[in-house]
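S.K.: Kindly generate the corresponding structure for this input.
(one chain, ligands or ions: 2)
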Amino acid sequence: TIPIIIDCDPGHDDAIAILLALAHPEQLEIKGITTVGGNQTLEKITNNALKILSFVDADIPVAKGARGPLLGTLVTGEEAHGESGMDGPVLPPSRFGPIETGAVEFIREVLLASDEPVTLVPIGPLTNIATLIRAYPELKSRIAGISMMGGGIAYGNVTRTAEFNIYVDPEAAQIVFESGIPITMSGLDVTDKAAIFDDEIEALKTRGPVSVLVGELLDFYSIFGKKMGYHGNALHDPCAIAWLLQPQLFQSKMLDVTVETQGTYTRGMTVGDLRTKTDRQPNVNVLMDVDRDAFIRLLFDALAMLDAR
Ligand code: BDR
Ligand code: CA
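M.R.: Numbering: from 1, shown residues only. Ligands and ions are numbered 1, 2, ... in the order given. The predicted structure follows:
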C-alpha cells in the first residue's frame, strides 16, 4: 500500500477524491487529511472534510493548515462551491473534530514516523506544502512524490492562463515546483477530460447512500459548470487519486514547468516548455489525457464499495 496524506479544501471534487481514496484501503493508506483555505475559508472546508469522513465512518486525523496564501489575501471558490464550500446535500454534523496539531507539523510527524517515503496529494492551493518545504527542507527525501491537482499547460479557469489552485497561491506553487520532489500534475489538460455527464449523475442518485451523496454534490456543482458553458462536469481532484490507483488510465508528458508569479495576464500560470529541445531537465509528469469511461467506472465501483460497507 502507498502511504498518502491528502491536503485539501473540500470542495465538491475534493470530497469525491477523499471518497475514492477511502474505497481503496488495499492500495492507499490515508495517514491523514490536512486542510487549506481555498474553495472556502479554513473553518468551513475543514468542517466539510470532517462531515464527509463522519458520513462514511472514517476516523482519520484531520489537521488544519493555512488560512490563506503566503502573500496577499484568500480568493475563494464560492461561485463554484457555494457559501459553505460544499453546498448541495445536507449532511449531519460531524462526530469528529480536528486534531490539535497544525497541518505542517502533522505532515512532519507523519514523515518522520513512517518507515517508507510518503506520497503527498495536494488538491487545493499549495500553501501548506510550500510552508513544509521551506521550514523542513531536510524532509524532502521522505516524500516519495507529489500527485497534485492544479495548473494547466494549455489554459486556465480563473483567468485565461491560471487555474484556481495555482492562482490562489502562485508563490507557494513556485516553491513546490522548484523543490526537486517528483511531481505528477493533474491540471486542466487532463481534468477537463475527466468529466461526468448528467445521465451519469442521475444514475448515481439511484444507488446507495454514498453514491447518492456524490450525485447530490454533483447536482450543485453542475450548476456552475452549466453557467460557464462547460461540456460535462470536470472531476478535477479525483484525478490525483485515480492516477495513484490506476496510472495506466492516463497519458502524460515529462515537461519543464515553471510557475509565473509576475505577469499582468499570466500570474498563477503553469508555464510548460513544449519545445523538443530545451536546456532544462523536465521536473513534472504532466497528465494530458485519460480514458474517461474507465475513470468513471473506477469512481462508480469505488462508491459502490463504500455503499456496501
Ligand atoms: C480546482 O479548484 C477547486 O475549485 C477544485 O476543488 C479543484 O481543486 C479546479 O480548478
Ligand atoms: Ca480542491
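S.K.: Contacts for stretch 209-216, please.
M.R.: Residues from elsewhere that reach stretch 209-216 (C-beta atoms under 8 Å, 6 or more residues apart in numbering): 15-16, 19, 55-56, 88-89, 91, 201-202, 204-205, 207, 300, 303-304, 306-307. In short, each C-beta sits where N, CA and C put it, glycine included.
S.K.: tell me which residues in the helix or strand containing Met305 are buried?
M.R.: For Met305, the host element (DSSP states H and E) is helix 292-308. Using 16 or more other C-beta atoms under 10 Å as the burial criterion, the residues of helix 292-308 that qualify are Arg292, Phe295, Ile296, Leu298, Leu299, Phe300, Ala302, Leu303, Met305, Leu306, Asp307.
S.K.: Check the stretch 151-300 of the chain for the residue nearest ligand 1 and tell me.
M.R.: Residue nearest to ligand 1 within the stretch 151-300 of the chain (C-beta to the nearest ligand atom): Phe164, separated by 3.6 Å.
S.K.: do you know how far that residue is from Ala23?
M.R.: The span separating Phe164 from Ala23 equals 26 Å under the rule C-beta to C-beta, to the nearest Å.
S.K.: Could you do Glu29 as well?
M.R.: Using C-beta to C-beta, which is the criterion applied here, Glu29 is 13 Å from Ala23.
S.K.: which one of these two has more residues nearby?
M.R.: The neighbour comparison of Glu29 against Ala23 (other C-beta atoms under 10 Å) goes to Ala23, with 24 against 15.
S.K.: Enumerate every residue touching the closest residue to that one other than its chain neighbours.
M.R.: With sequence-adjacent residues excluded and distances taken as C-beta to C-beta, 6 or more residues apart in numbering, Ala23 is closest to Ala302, at 3.6 Å. By C-beta under 8 Å, 6+ apart, the residues touching Ala302 are Leu19, Leu20, Ala23, His24.
S.K.: pull the CA atoms of stretch 152-168 into PDB?
M.R.: The C-alpha coordinates for stretch 152-168 follow below in PDB (Å, rounded to 0.1, in the frame of the first residue of the first chain):
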ATOM      1  CA  GLY A 152      -3.000  23.600 -16.900                       C
ATOM      2  CA  ILE A 153      -0.400  23.800 -19.700                       C
ATOM      3  CA  ALA A 154      -2.900  24.900 -22.300                       C
ATOM      4  CA  TYR A 155      -5.200  27.300 -20.400                       C
ATOM      5  CA  GLY A 156      -6.600  28.300 -17.100                       C
ATOM      6  CA  ASN A 157     -10.100  28.600 -15.400                       C
ATOM      7  CA  VAL A 158      -9.900  31.600 -13.100                       C
ATOM      8  CA  THR A 159      -8.200  33.600 -15.700                       C
ATOM      9  CA  ARG A 160      -7.400  32.600 -19.300                       C
ATOM     10  CA  THR A 161      -4.000  31.400 -18.100                       C
ATOM     11  CA  ALA A 162      -4.300  30.500 -14.400                       C
ATOM     12  CA  GLU A 163      -6.100  27.500 -12.800                       C
ATOM     13  CA  PHE A 164      -7.700  28.100  -9.300                       C
ATOM     14  CA  ASN A 165      -5.300  26.200  -7.000                       C
ATOM     15  CA  ILE A 166      -2.200  27.900  -8.500                       C
ATOM     16  CA  TYR A 167      -3.900  31.300  -8.900                       C
ATOM     17  CA  VAL A 168      -4.800  31.400  -5.200                       C
END
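S.K.: what's in contact with that stretch?
M.R.: Where contact means C-beta under 8 Å, 6+ apart, the residues beyond stretch 152-168 that reach it are 38, 69, 74-75, 77, 122-126, 148-151, 170, 173, 187-189, 255, 257, 259-260, 263, 265-270, 272, 274, 286, 288.
S.K.: now the helices for the stretch 1-150 of the chain?
M.R.: Using DSSP state H, counting those that start in this stretch, the helices of the stretch 1-150 of the chain run over residues 12-22, 42-55, 78-81, 103-113, 127-135.
S.K.: hmm, who's touching the last one?
M.R.: Meaning helix 127-135. Contact with helix 127-135 is made by 7, 34, 36-37, 65-66, 68-70, 103-104, 107-108, 120, 122, 139-140, 146, 169, 171-173, 175-176, 179, 181, as judged by C-beta under 8 Å, 6+ apart.
S.K.: Mark which of those are buried, thanks.
M.R.: Neighbour-count burial (16+ other C-beta under 10 Å) applied to those gives 7, 34, 36-37, 65-66, 68-70, 103-104, 107-108, 120, 122, 146, 169, 171-173, 175-176, 179, 181.
S.K.: just checking, which of the residues you listed belong to strands?
M.R.: Asp7, Thr34, Leu120, Pro122, Ile146 (DSSP state E).
S.K.: got those residues as TSV, with distance to Ala113 and pLDDT columns?
M.R.: Formatted as TSV, those follow (distance: C-beta to C-beta, whole Å; pLDDT from 0 to 100):
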residue	distance to Ala113	pLDDT
Asp7	18	99
Thr34	15	99
Leu120	15	99
Pro122	20	99
Ile146	19	99
